[in-house]
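In: Here is a sequence together with a model predicted from it:
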Amino acid sequence: MNTYRLNAEQLETLDRLAALADAQIAPHAADVDAEGRYPSESMRALADAGFWGLTVSTEHGGMGHGLRMTAAAVDTIAQRCASTAMVYLMHLCGVAAYNAAPDRAGDQLRAAAAGKHLSTLAWSERGSRSHFWAPVSQAATDGDDVILNGIKSWVTSAGQANGYVATSRAPGAETPMAITLYLVTDEDAGFRIEKPWDAMGMRGNASAPMVMEALRLRRSRALTEDGAAMDVMMGQVLPTFALGNSAVSIGCCEAAVAATQAHLTGQGFAHLGNKLAELPNLRERLAKMRLRTDQARSFLASTLDALETGAPDAMLWVLGTKAQAADTSLEVTDLGMRAGGGAAFSKHLGVERVFRDARAMNVMAP
């Protein structure tokens, strides 16, 4: 089903991505989860195939796609490996910030399109926790330089990314939302990654605190004017994140449906000669999983419509689809665990992994 209503060109791109994901992402997913390691093979495959440039303009060498393809692509990857999907999504969020300032980040856009620049966000802080729009850290000026100090928490691809889109209160600002976005690169001195990621789910996304200590940048590294980042953060990056987060949740749902369906239709009772799917209670659970997944994906597609048509309440849809899909993923993966019983609990069906991964989206702000 073409729920996202993609055109022929978009469908061809998505088919290529699905084939790549089957061949080069899915085979590593269980090991990435078991070892809690960064999905380096999967991300390299996406880079080599040009998918790091999915939303980079054709002028900068990218594919030039927008939010509709972002959602479809992240959903497709998440069905194979949620950790890879989250790393990829946060890259697209960084690219969204670059796209808002092509005159300042043109080199990064071209490098991303060439598979040579991985981006991510460094927004949330320990002091303001999930209120990522209110950083505690405040930049200081020193001639033509700015000095950044602070601890960024939950930075995806920490220690792996080439570019970190970091927030800080503007120098001299008196309110927490007078924010400037800065580009920090992996070649800059003055920051370190504090500790490795070891979590219940989404175990491969290398999320860790990023500590900035007297990090000196040229003022030209600002991606926005001083104190004027909120429009970019909320108008460009947040929709990418929220819709992509919804797509990760839906991908987890789809993976749970597929694994549960394969189990119920493939296994049975030898002494009765029937399949597990012939039991009404198990069939009802699978049907509910299918319905809830389709509903969540349709909500996301409708949100894309609201954005593209300029609906006045589009941002409510954006926030709504993230919340609805996250809740749906909890329900669907729980149903998959119950329908699979001991087989699901013992991990070999793959439902248990997406059950844990689904919990991550539900606790992510906003």
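Out: Okay, I see it. Residues are numbered from 1 along each chain as shown.
In: Just to check, Ile77 is in contact with Ala21?
Out: Yes - with contact defined as C-beta atoms under 8 Å, Ile77 reaches Ala21; the gap is 5.6 Å. For glycine as for every other residue, the C-beta is placed from the backbone atoms N, C-alpha and C.
In: Give me the more crowded residue out of those two.
Out: Ile77 (30 against 24; other C-beta atoms under 10 Å).
In: Check which helix or strand the closest residue in space to that one that isn't next to it in sequence maps to.
Out: Excluding the flanking residues, the one nearest Ile77 by C-beta to C-beta, 6 or more residues apart in numbering is Ala85, at 4.2 Å. Ala85 is part of helix 82-99 when elements are defined by DSSP states H and E.
In: pLDDT (mean, whole number) over that helix?
Out: In this model, helix 82-99 has a mean pLDDT of 98.
In: before we move on, what about stretch 27-39?
Out: The model assigns stretch 27-39 a mean pLDDT of 97.
In: could I get it in CSV with only the CA atoms?
Out: Only the C-alpha atoms of stretch 27-39 are listed here, as CSV (Å, rounded to 0.1, in the frame of the first residue of the first chain):
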residue,chain,number,x,y,z
PRO,A,27,21.5,-8.7,8.7
HIS,A,28,23.3,-6.5,11.3
ALA,A,29,20.3,-5.5,13.4
ALA,A,30,20.3,-8.3,16.0
ASP,A,31,24.1,-8.0,16.5
VAL,A,32,23.9,-4.2,16.8
ASP,A,33,21.3,-4.6,19.5
ALA,A,34,23.0,-7.5,21.3
GLU,A,35,26.4,-5.7,21.4
GLY,A,36,25.0,-2.2,21.9
ARG,A,37,27.2,-1.0,19.1
TYR,A,38,26.9,1.7,16.5
PRO,A,39,25.5,0.4,13.2
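In: send the alpha carbons of stretch 154-174 over as PDB?
Out: Only the C-alpha atoms of stretch 154-174 are listed here, as PDB (Å, rounded to 0.1, in the frame of the first residue of the first chain):
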ATOM      1  CA  TRP A 154      21.400  12.400  24.700                       C
ATOM      2  CA  VAL A 155      23.400  13.300  21.600                       C
ATOM      3  CA  THR A 156      22.700  10.600  19.000                       C
ATOM      4  CA  SER A 157      25.800   9.400  17.100                       C
ATOM      5  CA  ALA A 158      28.000  11.000  19.800                       C
ATOM      6  CA  GLY A 159      31.600  10.400  18.800                       C
ATOM      7  CA  GLN A 160      30.500   9.200  15.400                       C
ATOM      8  CA  ALA A 161      29.100  12.300  13.800                       C
ATOM      9  CA  ASN A 162      31.100  14.800  11.700                       C
ATOM     10  CA  GLY A 163      28.800  17.700  12.500                       C
ATOM     11  CA  TYR A 164      26.900  18.600  15.700                       C
ATOM     12  CA  VAL A 165      24.200  21.300  15.400                       C
ATOM     13  CA  ALA A 166      24.400  22.700  18.900                       C
ATOM     14  CA  THR A 167      22.200  25.200  20.700                       C
ATOM     15  CA  SER A 168      23.300  27.900  23.200                       C
ATOM     16  CA  ARG A 169      21.800  31.000  24.600                       C
ATOM     17  CA  ALA A 170      23.000  33.900  22.600                       C
ATOM     18  CA  PRO A 171      25.800  36.000  24.200                       C
ATOM     19  CA  GLY A 172      24.100  38.500  26.600                       C
ATOM     20  CA  ALA A 173      20.700  37.000  26.200                       C
ATOM     21  CA  GLU A 174      18.400  37.300  29.200                       C
END
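In: Having no further points to raise, I will conclude here.
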